[in-house]
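**Student:** Just need the structure, nothing else, for what follows:
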Amino acid sequence: MNKAFDPQGLNVQPMGDDDDFNQGGWSGGSLARAFDIHQMVATFRRRLKLFLALALLVFVVVLVLTIQATPLYTATASVMIDNRTEQVVDTQAVLSGLPADAATVDTEVEVLKSRQLAERVVAALELEKDPEFNSALRKPGIIGQITGGVGSLFGAAAPDTAQDQLSEIEAQKQRERVVDTVRDRLSIRRVGLTYVMGVGFTSPDPDKAARIANAFAQNYLLEQLQAKFEATRQANAWLNTRLNDLRGEVIQAEAAVEQYRNANNLLSASGATLTEQEISTYNTQLATVRAQQAEDEARLSTARAQLARGSTGDDVGEALGSTVVQQLRARRAEVSGRVADLSSRYGPRHPDMLRAERELADIDTQIQAEIGRIVSNLEARVQVARQRTASMQGSLAGARGTLAANNNAGVRLNELQRNAEASRTLYQGLLDRFKETTSQAGLEESDARIVSRAIIPNQPSSPNVPLNLALGLVLALGAGLAAVVLAEMLDAGMATGEDVESKLGLPHIGSIPLVSSVADAKERDMPPADYLLEKPLSAFAEAIRALRTSILFSRVGRTVGLIAVTSTLPGEGKTTTSVCLARSAAQAGQRVVIVDCDLRRRAVNRMFGIEPEAGLLEVLNGTSTLEAALYHDVPSGAYVLPLTHTAFTPKDVFSSQAMDTLLARLGESFDLVILDTAPVLAVADTRILAGKADTVVFLTRWRATPQKAITNSLKLLDKAGAHVAGVALVQVDMKSQARYGYGDAGYYYGAYKSYYTA
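**Tutor:** The predicted structure is shown next:
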């Protein structure tokens, strides 16, 4: 893909078609590069030392902390929420039991963690006096003893004395700190989905851990019991107060009923008022007298009817039942028999016969008189019955009038009775509940029970050496990887040609290795320029030739004769590269000259070991000829236009006409003119020379020069109108690059290094 340099130095603009882009976004090839496993491996290998160092450091720290950690023991008691209750009496509890559901168990877990329960345990076990939980009671170390001794000299109170002199607020704060410390050591967890909760406590003392864990479990049960006792006590107190109030209300309501009943003559017996009972009696008596009247009237009417039909009264019912009539009839029968006997014996005129007949008539008269008396008696009885009925009806009417008045007064009486009954019912209900709660006072039981008490642990729970080492290993690996990632993020240098092209948007025109990374042990200290001549077929020499070739063909259709070699910062190998390029070109048969344009360093002189009398500035000033100032490098055949030791001048010599004339003359006399310039960011002269050169070779030190600095330098060159052939990486450690320089040709150095001859 062709790329254009972005003046910002941050983006690479694609030009033309690219297989890595399609209508749907990134293609599979681009995605594969984004997650290139080889690149990741190479990056890891590049930072392997950092990774190992930091990982080892973290692991050692964890190991030391684990070894030096104080052994801690954890004792655990098991508490279960019991949904079974003992029903000793059939009464409802004041405070109901806990429902055995998940939310309740989770709630009780929080109750076990509560500060109130911790305060009870601290008070019960007097943990405020334990130096393990109260830091104010701990014995000071050496520094503390010295400080305490000095303090005592100036009247400072000793720790025990200071404890006695604590104010109420300070003592409260100290208790709060002790409670916080105890809560920090406490661990409450629910065992799976069961109703069992584990109450654990951690302490350096195993016996103390067990005692405190059991204390938490026991005080949890006691707190539940006390909650129920307190609820029952409060209920009893309220019920007692309410009963006293209601008792007075009931007495007052019942007294009002009785007073109203007496005032309105609403007395009652057997569930009915006296008036109602009187009316009932009157009704019964009235029915009786009416029946008697009807009976008497019927008898009288019958007797009268019989007499009206001409009866002698013998068939009258009352006469039939009369003893007198019966006796008279018996005498009449006797007399009638004697009359019949006398009549047959003496005749009708016989004196005996006449006496007998007069006696018989007298008996009949008596019978009629008796029948008359009976009828008269019937009439009297009927009259009496009628009067009795009338009297009874009058009495009943009066009683009914009284009952109507009583009924009107009974409306208010009913209201008073309802009020009294309501008060009586409420009073009786509360009285029954009071008796139930009073009987429950000694039957309360906790909603939980201790399944198993904490035992003294035999093995420490902390530090867990295998777990700590495993976590330390994981932490060490994580820290190492984080360091690698951070180092990569902070690494602003260029490592591969791919970095150059992707980050800078310029071609990568070569990578110049360090001689020490490609030379034999005895040749590693040899200067690069000399090593080039001694080993013309070496990897270093081949890299210089590859760089020269890239430079010569950097401008298609145009001959490159004037080359400016520059970099961002000093010490990046500009002079060495320039000399090596010149010697390589000279060995190839080209006429080459190196012009030392770094007025401040004069590095070319030091590299060739010369101290000329005339140089570049003398030629520009006209005090020396070009031929006199040129130095011939005999081993390679290249020429050098150096700088004298007095070469520095404040004048802007590179923008002068003399400099243009000199460059034109050198271009005519030599096939290749190499300008060894100063760093771009440090000196402005380089931008002037870069604009005059056919192309600029920009050097950057491998994995050292910051990207931001390179970008700024390239922006300055772009503004100066310079043509940058590309960026070359110098001082590349080929051994390191071969291990982790994925994306660069040096990554495969191990495969082809045997190709070069020493």
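**Student:** Output the contacting helices and strands for the lengthiest helix in the chain.
**Tutor:** Identified as the longest helix of the chain according to DSSP state H is helix 351-440. Packing partners of helix 351-440 (3 or more CB pairs under 8 Å, 6 or more residues apart in numbering; DSSP states H and E): helix 206-263, helix 274-308, helix 317-320, helix 323-345. Yep, even glycine has a C-beta here, placed from its N, CA and C like the rest.
**Student:** next helix or strand past that helix?
**Tutor:** On the C-terminal side of helix 351-440, the closest following helix or strand by DSSP states H and E is strand 448-452.
**Student:** can you put the helices and strands packed on helix 351-440 in TSV and add mean pLDDT, mean neighbour count and distance to residue 469?
**Tutor:** Shown next, in TSV, are the helices and strands packed on helix 351-440 (pLDDT from 0 to 100; neighbours: other CB atoms under 10 Å; distance: least, CB to CB, whole Å):
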stretch	mean pLDDT	mean neighbour count	distance to residue 469
helix 206-263	81	17	23
helix 274-308	75	16	101
helix 317-320	58	18	134
helix 323-345	76	15	138
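**Student:** Between these, which one is closest to residue 631.
**Tutor:** For residue 631, the closest of the helices and strands packed on helix 351-440 is helix 206-263, at 87.7 Å, according to CB to CB.
**Student:** how far off strand 448-452 does the closest one point, in degrees?
**Tutor:** Put simply, helix 206-263 runs at 160 degrees to strand 448-452, going by axes from the mean of the first three to the mean of the last three CA atoms, to 10 degrees.
**Student:** Name the helix or strand for residue 563, please.
**Tutor:** Following DSSP H and E, the helix or strand that holds residue 563 is strand 562-567.
**Student:** returning to that earlier point: need the helices and strands packed on helix 351-440 in TSV (columns: distance to residue 167).
**Tutor:** Listed next are the helices and strands packed on helix 351-440 as TSV, based on distance: least, CB to CB, whole Å:
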stretch	distance to residue 167
helix 206-263	28
helix 274-308	82
helix 317-320	121
helix 323-345	124
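**Student:** how about these, which one is nearest residue 660?
**Tutor:** Among those, helix 206-263 sits nearest to residue 660 (CB to CB), with 91.3 Å.
**Student:** So which elements touch the closest one?
**Tutor:** Applying 3+ CB pairs under 8 Å, 6+ apart, we find helix 206-263 packed against strand 73-81, helix 102-112, helix 115-125, strand 196-203, helix 351-440, strand 448-452.
**Student:** tell me how far that helix is from the chain's mean position?
**Tutor:** Centroid separation for helix 206-263 versus its chain: 38 Å, with CA atoms, centre = their mean, to the nearest Å.
**Student:** Also stretch 660-679?
**Tutor:** Per CA atoms, centre = their mean, the centroid offset for stretch 660-679 relative to its chain is 75 Å.
**Student:** quick one on the thing from earlier: I'd like to know which of the helices and strands packed on helix 351-440 lies nearest to residue 681.
**Tutor:** Across those, the minimum distance to residue 681, taken as CB to CB, is reached by helix 206-263, at 66.8 Å.
**Student:** could you give the angle of the closest one to strand 73-81?
**Tutor:** Note on geometry: by the same axes, to 10 degrees, helix 206-263 and strand 73-81 are set 30 degrees apart in direction.
**Student:** Residue numbering should commence at 29 henceforth.
**Tutor:** From this message on, residue numbering opens at 29, which makes the last subject helix 234-291.
**Student:** can you pull the pLDDT of the residue lying closest to residue 489 once chain neighbours are set aside?
**Tutor:** Sequence neighbours aside, residue 102 is the residue nearest to residue 489 in space, at 3.8 Å (criterion: CB to CB, 6 or more residues apart in numbering). Each residue has a pLDDT score; the one for residue 102 is 90.
**Student:** can you check residue 597 too?
**Tutor:** According to the prediction, residue 597 has pLDDT 92.
**Student:** Tell me the spacing between residue 144 and residue 196.
**Tutor:** Per CB to CB, to the nearest Å, residue 144 is found 20 Å from residue 196.
**Student:** How about residue 282?
**Tutor:** For residue 282 relative to residue 196 (CB to CB), the value is 57 Å.
**Student:** ditto for residue 510
**Tutor:** The gap separating residue 510 from residue 196 is 50 Å, by CB to CB.
**Student:** Same drill for the two, tell me which one is more crowded.
**Tutor:** residue 510 (12 against 7; other CB atoms under 10 Å).
**Student:** three-state assignment of that one?
**Tutor:** Following DSSP: H, G, I helix; E, B strand; the rest coil, we place residue 510 in the helix state.
**Student:** if we can go back for a sec, can you tell me which of the helices and strands packed on helix 234-291 the model trusts least?
**Tutor:** Of all the helices and strands packed on helix 234-291, mean pLDDT reaches its minimum on helix 379-468 (a mean of 76).
**Student:** now the angle between helix 302-336 and that helix, please.
**Tutor:** Using the same axes, to 10 degrees: helix 379-468 against helix 302-336 is 160 degrees.
**Student:** Give the phi and psi angles for the closest residue to residue 511 other than its chain neighbours, as a check.
**Tutor:** Using CB to CB, 6+ apart and skipping residues adjacent in sequence, the residue nearest residue 511 is residue 82, 4.5 Å away. The phi/psi pair for residue 82 (degrees, to the nearest 10) reads phi -70, psi -40.
**Student:** so who does residue 82 touch?
**Tutor:** Listed by CB atoms under 8 Å, 6 or more residues apart in numbering, the contact set of residue 82 reads 504, 507, 508, 511.
**Student:** who's in contact with the last one?
**Tutor:** Looking back up the chat, that one is residue 511. By CB under 8 Å, 6+ apart, residue 511 lies in contact with 75, 78, 79, 82.
**Student:** ranges for the strands of the stretch 679-786 of the chain?
**Tutor:** Here the stretch 679-786 of the chain has its strands, by DSSP state E, counting those that start in this stretch, at 700-704, 723-729, 752-760.
**Student:** and the last one, what does it pack onto?
**Tutor:** It stands for strand 752-760. Using 3+ CB pairs under 8 Å, 6+ apart: strand 752-760 touches strand 536-541, helix 567-580, helix 602-615, strand 723-729, helix 735-747.
**Student:** what's the answer for the first one, then?
**Tutor:** When contacts are defined as 3+ CB pairs under 8 Å, 6+ apart, strand 700-704 packs onto strand 590-595, helix 602-615, strand 620-624, helix 685-697.
**Student:** What are the buried residues along stretch 708-722?
**Tutor:** By neighbour count with 16 or more other CB atoms under 10 Å, stretch 708-722 contains the buried residues 708-709, 711, 713-722.
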